[in-house]
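K.L.:
Got a predicted structure plus its sequence, pasted below:
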Amino acid sequence: MTTRRELMEPGWNLDNSYARLPEIFYTRLEPAPVRSPELIVLNEPLAASLGLNAEALRSESGVEVFAGNRIPEGASPLAQAYAGHQFGHFTMLGDGRALLLGEQLTPQGSRVDIQLKGSGRTPYSRRGDGRAALGPMLREYIISEAMHALGIPTTRSLAVAATGESILRESEQPGAVLTRVAASHLRVGTFQYAANWGTVEDLRTLADYALQRHFPDAEDGQNRYLSLLQEVIKRQAPLIAKWQLVGFIHGVMNTDNMAISGETIDYGPCAFMDAYDPATVFSSIDTQGRYAYGNQPGIAGWNLARLAEALLPLLHEDEEQAISLAEEALAGFSEQYRSHWLTGMRAKLGISNEEPEDEALIEDLLQQMQTHQADFTNTFRALTFDKAGDTALSGSPKFAQWLERWQARRGRQEESKDASHQLMRRSNPSVIPRNHRVEAALEAAVDHGDYRVMEQLLAVLSDPFAHTAEQEDYCTVPEPSGRPYRTYCGT
Ligand code: AMP
Ligand code: MG
């Protein structure tokens, strides 16, 4: 018989393997307590999959953990050290407002980081206050969960707790702490840090740790550090392709924001594209468009080259040979990316076999979408449901020709028409976290303490391929406004 007490155990089962790395990789530190913790949102399905008890997490002591006022059993909190290229400029960074509590060992046998974001100042805070505002933390919660539901590898959001304290941004904002779950927080920038501030042995220890944690099968390779680079490339290629296929713009692809695990990380100024345009940028500080939608694959390749550089001393004792091994591995990235993207685009068009002309078919559609400022998500959704007449392209003779070409192409495969339609349904979401919807949810929550708009949005986003009648309403594009949508970092 289970007793009431056992039922109320939160279920924390934490290990601290990162804390066993050499000390240069972190600073041990406890979160700074806050005035009055209040649970705003808890991700119950995620909690259950981590072996955590939602009821216990909602209790007073449970919520104190999410606010940083109580250290869960087995935790060994620390701020991670890392470096990174920010908009191309190399600098020392580190967790300025985050703490790793430990690694939860889940009932399925996996190990995931539990991190508090907004938990107070650290030695890496520089001029920052170590805190986070409620709006941006809820924004990360909504978008990361939407990404997960879209089938895109990502860090997850377990909870957001309000702190009962206000913080100063452009105006006074309610403070909050996000609890983030990640395969790990090892970044390209962690390796850059080791290469620049550590010894070769530190770098090797970090690489061994990453291999063991994320790529245990690659360990027996002849050159295990080359395998590490190849495996990271192998995960980034499909990840970036998936971003492109749903119109996700990360917004701040600095090397400290690229996870070795292949998960999307750091939901600062990210946003989804409405009208198709490769030059789309939302981030207020990305004035040069370095991280524009169309540049993301190239930037990912650039970041991976920085990882390769950091790993050079491990790749070969002879530097020239190390460089040539790195170059060979890096050359694979654009090829792999292109192949994932093509397969994904074919699926969006209901095509499951390959023809050499497919690229031209796809590029022609995108070109026309750009010319007519067609909404990215809704155009593919309309094609899925035979409603091409509803798109911004309707009436265009060129588009009519394209549709004929496309239908003929769909006929040139073994799969039935129905199978092709099903493939499109699975590949083209009805709903994405549209900027105006996310803003409306945040405004209701932050300005009016009304969480219903957000809860509804989260529910709709949790199954983006359901194509239900309720989702229709969430497909509307925002009214054109004089002011373009803008997003912000470090909020
Ligand atoms: P991000 O834009 O979130 O990737 O952050 C870049 C760097 O700034 C990281 O080292 C963050 O930890 C740090 N940072 C961002 N916001 C704050 C803040 N409010 N206080 C201290 N550090 C911060
Ligand atoms: Mg970051």
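P.N.:
Nice, thanks for sending it over. Ligands and ions are numbered 1, 2, ... in the order given.

K.L.:
Ligand 2 contacts on this structure?
P.N.:
257, 266 (CB under 5 Å from the ion). In short, each C-beta sits where N, CA and C put it, glycine included.

K.L.:
nearest spatial neighbour of residue 440, skipping sequence neighbours?
P.N.:
Leaving out its chain neighbours, the residue that sits closest to residue 440 by CB to CB, 6 or more residues apart in numbering is residue 453, at 5.9 Å.

K.L.:
Tell me the pLDDT of the one you found.
P.N.:
We note a pLDDT of 98 for residue 453 in this prediction.

K.L.:
so it sits right up against residue 444, yeah?
P.N.:
Yes - between residue 453 and residue 444 there is a contact under CB atoms under 8 Å: 4.1 Å.

K.L.:
can you count the residues close to residue 289?
P.N.:
For residue 289, the neighbour count with other CB atoms under 10 Å is 14.

K.L.:
Kindly report the same for residue 418.
P.N.:
Neighbour tally, residue 418, other CB under 10 Å: 8.

K.L.:
which residues does the closest residue to residue 315 other than its chain neighbours contact?
P.N.:
Here the nearest residue to residue 315 in space, its sequence neighbours aside, is residue 322; by CB to CB, 6+ apart that works out to 4.0 Å. Contacts of residue 322 were listed using CB atoms under 8 Å, 6 or more residues apart in numbering, and they are 312-313, 315-316.

K.L.:
Who wins on neighbours among the residues you listed?
P.N.:
Counting by other CB under 10 Å, top hit in those: residue 315 with 21 neighbours.

K.L.:
quick one on the thing from earlier: which strands and helices lie in contact with the strand or helix carrying the residue nearest to residue 440?
P.N.:
Per DSSP states H and E, residue 453 falls inside helix 452-461. Judged by 3 or more CB pairs under 8 Å, 6 or more residues apart in numbering; DSSP states H and E, helix 452-461 is in contact with helix 134-149, helix 435-448.

K.L.:
go again using 10 Å as the cut-off
P.N.:
strand 38-42, helix 134-149, helix 435-448, helix 469-472 (3 or more CB pairs under 10 Å, 6 or more residues apart in numbering; DSSP states H and E).

K.L.:
most neighbours per residue, which of those?
P.N.:
Highest mean neighbour count among those (mean count of other CB atoms under 10 Å): helix 134-149, with a mean of 24.

K.L.:
from the chain's centre, how far out does that one sit?
P.N.:
10 Å (CA atoms, centre = their mean, to the nearest Å).

K.L.:
do it and ligand 1 meet?
P.N.:
No - Helix 134-149 lies out of reach of ligand 1 by CB under 6 Å from any ligand atom, never closer than 9.7 Å.

K.L.:
before we move on, the earlier item: for the helices and strands packed on helix 452-461, could you give me CSV that also reports mean pLDDT?
P.N.:
Listed next are the helices and strands packed on helix 452-461 as CSV, based on pLDDT from 0 to 100:
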stretch, mean pLDDT
strand 38-42, 98
helix 134-149, 98
helix 435-448, 97
helix 469-472, 91
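
K.L.:
Spell out which residues make up each domain of the protein.
P.N.:
4-182, 188-346 (automatic domain parsing).

K.L.:
Just send these back as a markdown table, with distance to residue 438 too.
P.N.:
Shown next, in a markdown table, are those (distance: least, CB to CB, whole Å):
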| stretch | distance to residue 438 |
| --- | --- |
| domain 4-182 | 6 |
| domain 188-346 | 8 |
